[in-house]
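# Give me the fold of what follows.
(2 chains)
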Amino acid sequence: MNVVEVKEVVTRFGSNTVHDKISFNIKEGEIFGILGGSGSGKTTLLREMILLQGYNEGQICVLGKNLKELNTKQREELISKWGVLFQFGALFSSLNILENISIALREYTNLNQRMILNASLTKLSMVGLPKRSAYLYPSELSGGMKKRAGLARALIRDPKLLFLDEPTSGLDPKSAREFDTLIRVLRDTLGITVIMVTHDKDTINSILDRFIIIADGKIGFEGTYEALKKEKKVHLRDFWDS
Amino acid sequence: MSFSTTFVEVIQNKDSTVIYCLGDWTLENITKIEKLFKFDTKTKQITLNFSRLDHFDTHGIIFLIDIVKKFEKRGFTILKTGYSKEFLKLFEVCEKNFPKEYLPPPKRNSIKEFFYSIGKITFESKQTLVSFFSFVGGLTQAMIRVFLTPHKIRFKATLFHIENSGLKAMPIIFLTSFLIGVVIAFQGAVQLEKFGANIFIVEMVVISVTRELAPLLTAIVIAGRSASSYSAEIGVMKITEEIDAMKTMGFSIWNFLIIPRVFALIISLPLLVFFADVVSIFGGMVVASSKLGIGFEEFATRMQESVEIKHVLIGLLKAPIFGWIVATIGCFRGFQISGSTQSVGKYTTISVVNAIFWVIAMDAVISVVLTEIGL
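Down below sits the predicted model:
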């Protein structure tokens, strides 16, 4: 089953065409990567999928819903089914980590205090944060810890879809690999579909099931890492060997 | 006691209790499920059977773990059967990460905190005072250096700030000072008419406006407009590491950021005050002619005859001092911004409040001193 379907999407900024009729599908349970050089519109594409940005032409369907034909209720329903991790965590700076993680449960569900606390602390530990960090504020955390906390916040409502914007950028190699493992474990246990924008070569060859490379506004490549190694087009292989 | 609902079915006999978990144990249903777990059992052994569970997520499982722990604490033995491989996998992950104990949030002792905060504020005020003096010292030194090597003055930046903080403030200055002129004349007219001393409206408006009100009001408006924007601009530059970049490239932050802003206000405030003088006197004239029958010409003649030029000069003399205060405080507070988005708001507010306060305080000092020496 396709979780995300992108059909002939065109995005323009002024006279600059970023996406020129891009089409691809993402299957349920996949860890899917969106790759490309700087300025190729990877993050823009991700933002279009999560309703943060519009596109000029074409169609994007997420979980079977066309993003341009949503009413307010459908929109809310759809938003509740995905979690997003931003590049720098984007934690709410006025709330501590525990509050950051639990805020969606407090706002949208009627769970009691004990259940919210259990769920939040379990997620906190799942992403590998120590218990004592629960009452710290985002400004007191390192970049890697912010990302983990952001991931815990994204996971709190057990989303069907997880969007990650450069999850390993700015992490040291060891933390980056731990983060990769974590994402795979979460996919295997929770059955989430993961869609990520990444540059990290190790991430790409170790956890991505499939990926696309955006080049010159089009899809330069779609497939697996093994397939890319056999690819004949020089500019795509350059993307690796650089 | 046996019963059956959408989510659980409990079958109890003499020596065993079997709880079947049914349907969807997911986030949407978890509160309903919780309400069902209020029953009591007599047997010491409970079997949880998951073979008829349709869907589950972490919230369902976390709830289960919590229930199991509660039962175990009360001395029950829990057996789990009929689970799928996926269920076991998720269950194990959740169980491993389930909080074993709850760390209490950091305790707050309000009395201790009260004294602590007094001490903290006192200490920080002292620190701020010291760093403000060192900022003013640095600024003075940089200004002297710039005067000795005038080619280092950044004219373009200075002009840019004159335009932004001075020229673009003219409409609001026009409006406020016109209204002040009108209000003073209006209130004065009522009182002066009682004594038949209509003509004194001229002294009243002109002296009060040029000597005190126009400089003060202009400085307050500029403090509101520019102190805040200077703080926010510099603070955001600090957060985005622009200032660090400038330092590493050997650009003096005094020459690039602070002196243009300070010069801009020192230069533009006297001009704005003069403009405000003219506009508010005009406001007074309008009221005088319509309310008291003193024509524009009569007003102007009387002004020339009886109002000394020193009042206007004193007002204009105060303007650059106010400009210096507003720009210096705006820049100083900007450099205190760090880290979070909240500190931008905090220090921007402080900078406006400080700038307005010190403008008024300085005005009071100048007023007392000048009156004492007979000016």
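# Those residues of chain A touching chain B, which are they?
Residues of chain A lying close to chain B by C-beta under 8 Å from any C-beta of the partner chain are A:93-94, A:109-112, A:114-115, A:117-119, A:121-123, A:125-126, A:131-132, A:134-135, A:138-139, A:157-158, A:185, A:188-191. In this view, the C-beta of every residue, glycine as well, is placed from N, C-alpha and C.
# and residue B:23, what does it touch?
B:6, B:7, B:29, B:53, B:54, B:55 (C-beta atoms under 8 Å, 6 or more residues apart in numbering or on different chains).
# Provide the secondary structure category for the closest residue to the second one other than its chain neighbours.
If you skip the residues right next to it in sequence, residue B:7 has residue B:33 as its closest partner in space, 4.8 Å away by C-beta to C-beta, 6 or more residues apart in numbering or on different chains. At residue B:33, secondary structure determined by DSSP: H, G, I helix; E, B strand; the rest coil is helix.
# Just to check, residue B:33 is in contact with residue B:8?
Yes: Residue B:33 is within contact range of residue B:8, at 7.1 Å (criterion: C-beta atoms under 8 Å).
# Give me the more crowded residue out of these two.
residue B:33 (23 against 18; other C-beta atoms under 10 Å in any protein chain shown).
# so residue A:31 touches residue A:184, yeah?
Yes: counting by C-beta under 8 Å, residue A:31 touches residue A:184, with 7.1 Å between them.
# which of these two has more neighbours?
Neighbours per residue (other C-beta under 10 Å) separate residue A:31 from residue A:184, with residue A:31 holding more: 23 against 14.
# Could you pull up the residues touching the residue nearest to residue B:7?
Counting by C-beta under 8 Å, 6+ apart, residue B:33 touches B:7, B:8, B:25, B:60, B:63.
# Out of the contacts of residue B:23, which is nearest to residue B:127?
residue B:29 (55.4 Å; C-beta to C-beta).
# Spatially nearest residue to the closest one (excluding sequence neighbours)?
residue B:7 is the one closest to residue B:29 (C-beta to C-beta, 6+ apart), at 6.4 Å.
# Let me know how buried the one you found is, in neighbour terms.
By the criterion of other C-beta under 10 Å, residue B:7 has 21 neighbours.
# Residue A:67 contacts residue A:52, doesn't it?
No: checked against C-beta under 8 Å, the pair residue A:67 and residue A:52 is beyond contact range at 10.9 Å.
# More neighbours: those two, which one.
Per other C-beta under 10 Å, whichever of residue A:67 and residue A:52 has more neighbours is residue A:67, with 18 against 11.
# quick one, what contacts the nearest residue to that one once chain neighbours are set aside?
In space, and not counting its chain neighbours, residue A:67 is closest to residue A:60: 4.9 Å by C-beta to C-beta, 6+ apart. Applying C-beta under 8 Å, 6+ apart to residue A:60 gives the contacts A:4, A:5, A:6, A:7, A:9, A:48, A:49, A:66, A:67, A:68.
# Cross the residues you listed against helices and list the overlap.
Cross-referencing the contacts of residue A:60 against helices under DSSP state H gives A:48, A:49.
# pLDDT for the contacts of residue A:60 - can I get that in CSV?
Listed next are the contacts of residue A:60 as CSV, based on pLDDT from 0 to 100:
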residue, pLDDT
A:4, 90
A:5, 91
A:6, 90
A:7, 90
A:9, 90
A:48, 90
A:49, 90
A:66, 88
A:67, 87
A:68, 88
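# quick one: which of the contacts of residue A:60 is nearest residue A:98?
Of all these, the one with the least separation from residue A:98 (C-beta to C-beta) is residue A:49, at 29.1 Å.
# Surely that closest one touches residue A:195?
Yes: Residue A:49 is within contact range of residue A:195, at 7.2 Å (criterion: C-beta under 8 Å).
# Now for those two: what residues contact both?
A:4, A:163.
# Report the contact partners of residue 216.
Reading this off chain A. Residue A:216 neighbours (C-beta under 8 Å, 6+ apart): residue A:20.
# Hmm, no, I was thinking of chain B.
Residue B:216 is in contact with B:322, B:359, B:360, B:363, counting by C-beta under 8 Å, 6+ apart.
# and if we set it to 7 Å?
For residue B:216, the contact set (C-beta atoms under 7 Å, 6 or more residues apart in numbering or on different chains) comprises B:359, B:363.
# Helix, strand, or coil at it?
Following three-state DSSP, residue B:216 is assigned to helix.
# Can you name the element that comes right after the longest helix along chain B?
For chain B, the longest helix by residue count, based on DSSP H, is helix B:110-148. Per DSSP states H and E, the first helix or strand lying C-terminal to helix B:110-148 is helix B:155-161.
# From the contact counts, what lies against that next one?
Counting contacts by 3 or more C-beta pairs under 7 Å, 6 or more residues apart in numbering or on different chains; DSSP states H and E, helix B:155-161 is packed against helix B:259-287.
# tell me the average confidence for the helix it packs on?
Mean pLDDT, computed over helix B:259-287, is 95.
# Go through the residues of chain A next to chain B and flag which are in strands.
Applying DSSP state E to these, no entry is found in strands.
# what helix or strand is residue 46 on?
Going with chain A. helix A:42-49.
# that answer is for a different chain, and I need it for chain B
Using DSSP H and E, residue B:46 sits within strand B:45-49.
# Show me which residues of the helix or strand following that strand are buried.
Proceeding N to C from strand B:45-49, the next assigned helix or strand is strand B:53-56, under DSSP H and E. Across strand B:53-56, burial judged by 16 or more other C-beta atoms under 10 Å in any protein chain shown covers B:53, B:56.
# Parallel or antiparallel, which strands does strand B:53-56 pair with?
In the sheet, strand B:53-56 lines up against strand B:23-25 (parallel) (DSSP bridges).
# mind checking how far the strand it pairs with is from the chain centre?
On the basis of C-alpha atoms, centre = their mean, to the nearest Å, strand B:23-25 sits 48 Å off its chain's mean C-alpha point.
# got the residues of chain B near chain A?
Proximity of chain B to chain A (C-beta under 7 Å from any C-beta of the partner chain) is limited to residues B:27, B:30-31, B:57-59, B:62-63, B:66, B:89-90, B:93-94, B:97-99, B:102-103, B:105-106, B:339-342.
# helices and strands of chain A: which one bottoms out on pLDDT?
Within chain A, no helix or strand scores below helix A:234-241, which has a mean of 62 by mean pLDDT, DSSP states H and E.
# Tell me where the chain is predicted with low confidence.
Since no chain was named, I'll use chain A. Within chain A, the segments meeting pLDDT under 70 span A:232-242.
# meant chain B actually
Chain B contains residues with pLDDT under 70 at B:1-2.
# Show me the domain layout of it.
Listed by automatic domain parsing, the domain ranges of chain B are B:2-96, B:131-365.
# Tabulate these in CSV, adding columns for distance to residue A:26.
Output for these, formatted as CSV (distance: least, C-beta to C-beta, whole Å):
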stretch, distance to residue A:26
domain B:2-96, 21
domain B:131-365, 34
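# Out of the ones you listed, which one sits most buried?
Ranked by mean neighbour count, the domains of chain B are led by domain B:131-365 with a mean of 18 (mean count of other C-beta atoms under 10 Å in any protein chain shown).
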